[in-house]
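Chemist: Provide a 3D model corresponding to the input given below.
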Amino acid sequence: MSDSSNRPLSEEELQELVSSSDSGARNPVGWVGSMLALTALIWSIFQVLLASPVANYILPSDLINNSRQIHLAFAMFLAFMAYPALKSSPRHYIPVQDWVFAIGGAFLSLYGFFFYAKIVQSGGLADNVDKWFALLGIILLFEAARRALGPAMAIIATIFMAYVFFGSAGWVPEVIRWKGASLQKAMSHMWITSEGVFGIALGVSTKFVFLFVLFGALLDKAGAGNYFIKMAFGALGHLKGGPAKAAVVGSAATGLISGSSIANVVTTGTFTIPLMKRVGFSSEQAGSVEVASSVNGQIMPPVMGAAAFLMVEYVGISYVEVITHAFLPAAISYIALVYIVHLEAVKRNMPTLGNKVTSTGRTVLGMALFFAGFAAICYGVKYPVGWIAAAVPEGAGWILAAMVCLAYFALLYLAAQGPDLVPDDPNAEQVELPVVSEIYKSGLYYLLPIIVLVYFLMIEQKSPGLSAFWATSLLFVILLTQHPLKAIMRGKGDVAGAGLNGVLDLIQGMIDGARNMIGIGLATATAGIIVGTVTLTGIGQVMADLVEFVSGGNLVLMLIFVGILSLILGMGLPTTANYIVVSSLMAGVVVELGAQSGLIVPLIAVHLFVFYFGIMADVTPPVGLASFAAAAVSGGDAIRTGFIAFFYSLRTIALPFVFIFNTDLLLIDVGWIQGILVFVIATIAILVFTAGTMGWFMTKNRIYESVVLVFIAFALFRPDFFMDRLMPAFDDIPPAQLETAMDSAAVGDSVRIEVAGPDFLTGEPKSTVLVLPVEGDGVPGVERLENLGIVLTPEGDQMLLEEPFFGTPYADVMGGFDFYGDTPVVVASARAAASQLPKELIFIPALLLLAGVVFLQRGRAARLEENPA
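Modeler: Residues are numbered from 1 along each chain as shown. Okay, the predicted model is just below:
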């Protein structure tokens, strides 16, 4: 954090800032320091073995079955050893009480492992001894989380824990009051079973997240981070605002290998921020660009941080589907950020760096071709792999491994023809931009592990853990061999010394990966308390009712409420914890309220909505840690940096609202041709939105032009909004004709009905909207309804509903109605799909309106150029 004089921090101070937030500020010397490093190394080795295909042969089944307990034990032990209790606590040695806490925390984490037989025998119910050990374990977990993540996580978890015990008290508002739980029941739920601390979130951290964090740490240790930054500067540094554009692209690339936005800010920011200031960006603007681009690294597939793996478990879809849905919003978000810094540079007529002259169009085309080529390689390797697997099914694995090694040796030989890349000095008097054609050969082999990862994830569709294992295994080979092999290929250098450096790099990378996991492991474990409280108390349904009341049933207000909740929690929680808390409480509520409004909101859309607002945790003033880190590098004001970064991130805030209502952006049920059209239109829309909010397009906007540009962006993002008003998507039909409508509807269409009746608990009138899919070609309407559990009984002008059978699609939704009271449950209204022109026709007038704005601004820009005064 910068001091009162806003002095940029030194490299040593910056690394201390990163370590204090990501891996622990304490680095004891002597045998204690060695023991700490060895513990982290053993943790990494255990996690690699656990993810390996031979885990069942190498590790005892007890260790595999209790891997979550072991994972948390390492995190707890290292947290108390690496994170001081207070700012005044010693940094160079570990006090006695921290030794006690560390050993106690590890033992209590392993309690279920040590006493597994007893717990199984009791059916997972804690006895009088277990409950006290469990309570002590939770207290130590909260303290470890406070040290590693700050006080907010521990405070929120404590509030939820207090609600478990005191939820029945008279001073608790009646709307959220529940019967309460005994200590024994609560501790069984939270610590002994897999419903609380050792639940899904910690399981995801254990199975998937560790390997990806380790993969990133090893790739960075190999030198990939510096290579990506140099390539970005070589490609973009010569353009207007080039350092800022390079910072965006470089951070997007390093976001692949760094799970921490703070580390990303410091890693790329130490080079990019001084160069941004050099061409005219203020300290706060330079820091803000770095913050916005670094934080967004968490939303960029194929590696999206811990939350993506949690979505796999919570939503119940594959990782491939998660990153497919997440790709388009992430891509256009980064395109918009590049455009933001371009507009800033044009507005201020910033100078360029270096003497290289290349058109922007040629640069953009070159980068697009590179990414397209990389994607084609990732996709295309499936064909030779398929041929080899078909020709030699038994030995295909060995042949493919040999081919990867040959590709590695060839690319390494190419890299050995030139010097190794060293970080540039951004404060040098003369800045020499890297020449892409000269340096690209130096790090092409870094792409191999990423190709392997993407291949196993996307093509083979293996589990994320196994995919990361094979990619990490290749990194082991690269780290151990790159330096000695280069020395041999160059015919000079100390081969033995280079080999030893490779071993040390591998060990240090594994230690760094483990230490970077401390906070994530504790965040997922502590968030398990919140999830456990929701499942134990049923507070989720109460929250649904409360939020529906506050929002008045309006879905947009509801989404704003969820976004604000995420931002408030994000002031003190890391992204992963924020995502778990808000999605556990609110995801189901948004889906349910959307259904009541007649809108089908896919669960993945809601989870991505929460995730997008969750990543703002590191930006949002006054506690955004990434903003403080950027201010520490730039010497600017941290709070102002945070606010500017928040403004630059407006598209990250706007996009979630868009894809909730237009799921085409998430490529849900979208074919290739339509997908390409969606990508092109969404890119235009986000650029137009950016121009409208930045107040500059071809030239400075007039107010009405900014308004029109934002309106055009809305029309391109939400063409259905306008088409539905020109030609309604549904026709109202009398409830008595519902069976006839279902009979005549085409398969794939839907019919919507509003169900009204008394509430089962209160007897008060309530209603909900059901979206009935039309299924079964040639099936009569009555049978289609019965297959959905909808049984109708006409009575006068009304269509009465019978209670759906258990197990039918709407049994749970309809369970809140009282079907046996005096007032019947009826179909209040019905709507059937109507013929409607394609919504894409709205693009035509929107693009014509955009052409009009371009015409106006080009004429004005030309006149200003002729008469600059």
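
Chemist: where are the low-confidence patches of the stretch 51-200 of the chain?
Modeler: Residues of the stretch 51-200 of the chain meeting the criterion pLDDT under 70: 124.

Chemist: if you go through it in chain order, where are the helices?
Modeler: Along the stretch 51-200 of the chain, the segments classed as helices by DSSP state H, counting those that start in this stretch run 55-58, 61-65, 67-82, 96-109, 111-114, 116-121, 128-149, 151-166, 183-187, 200-204.

Chemist: would a markdown table of those with mean neighbour count and distance to residue 764 be doable?
Modeler: Bear in mind the C-beta positions are built from the backbone N, C-alpha and C, glycine included. Shown next, in a markdown table, are those (neighbours: other Cβ atoms under 10 Å; distance: least, Cβ to Cβ, whole Å):
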| stretch | mean neighbour count | distance to residue 764 |
| --- | --- | --- |
| helix 55-58 | 12 | 55 |
| helix 61-65 | 13 | 48 |
| helix 67-82 | 25 | 43 |
| helix 96-109 | 18 | 47 |
| helix 111-114 | 19 | 44 |
| helix 116-121 | 12 | 44 |
| helix 128-149 | 21 | 39 |
| helix 151-166 | 19 | 26 |
| helix 183-187 | 19 | 32 |
| helix 200-204 | 25 | 35 |
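
Chemist: Residue 696: which of the ones you listed is closest?
Modeler: Using Cβ to Cβ as the criterion, the shortest distance between residue 696 and those is 37.6 Å, found for helix 151-166.

Chemist: now that closest one: how far from the chain's centre is it?
Modeler: From the chain centre to the centre of helix 151-166 is a distance of 25 Å (Cα atoms, centre = their mean, to the nearest Å).

Chemist: for that helix, packing partners?
Modeler: For helix 151-166, the helices and strands in contact under the criterion 3 or more Cβ pairs under 8 Å, 6 or more residues apart in numbering; DSSP states H and E are helix 128-149, helix 183-187, helix 495-537.

Chemist: switch the cut-off to 10 Å
Modeler: Secondary structure elements in contact with helix 151-166, counted by 3 or more Cβ pairs under 10 Å, 6 or more residues apart in numbering; DSSP states H and E, are helix 128-149, helix 183-187, helix 495-537, helix 539-551, helix 555-570, helix 575-596.

Chemist: could those helices be laid out in CSV, adding distance to residue 399?
Modeler: Formatted as CSV, the entries for the helices and strands packed on helix 151-166 read as follows, by distance: least, Cβ to Cβ, whole Å:
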stretch, distance to residue 399
helix 128-149, 45
helix 183-187, 54
helix 495-537, 26
helix 539-551, 51
helix 555-570, 48
helix 575-596, 39
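
Chemist: deepest of those, which one?
Modeler: Using mean count of other Cβ atoms under 10 Å, the stretch among those with the greatest mean number of neighbours is helix 575-596 (a mean of 24).

Chemist: Spatially, which residue comes closest to residue 451, not counting chain neighbours?
Modeler: If you skip the residues right next to it in sequence, residue 451 has residue 378 as its closest partner in space, 5.5 Å away by Cβ to Cβ, 6 or more residues apart in numbering.

Chemist: Quick one: closest of the helices and strands packed on helix 151-166 to residue 211.
Modeler: With distances scored as Cβ to Cβ, the stretch of the helices and strands packed on helix 151-166 nearest to residue 211 is helix 495-537 (8.9 Å).

Chemist: now that closest one, how far from the chain's geometric center?
Modeler: A distance of 17 Å separates the centroid of the chain from that of helix 495-537, by Cα atoms, centre = their mean.
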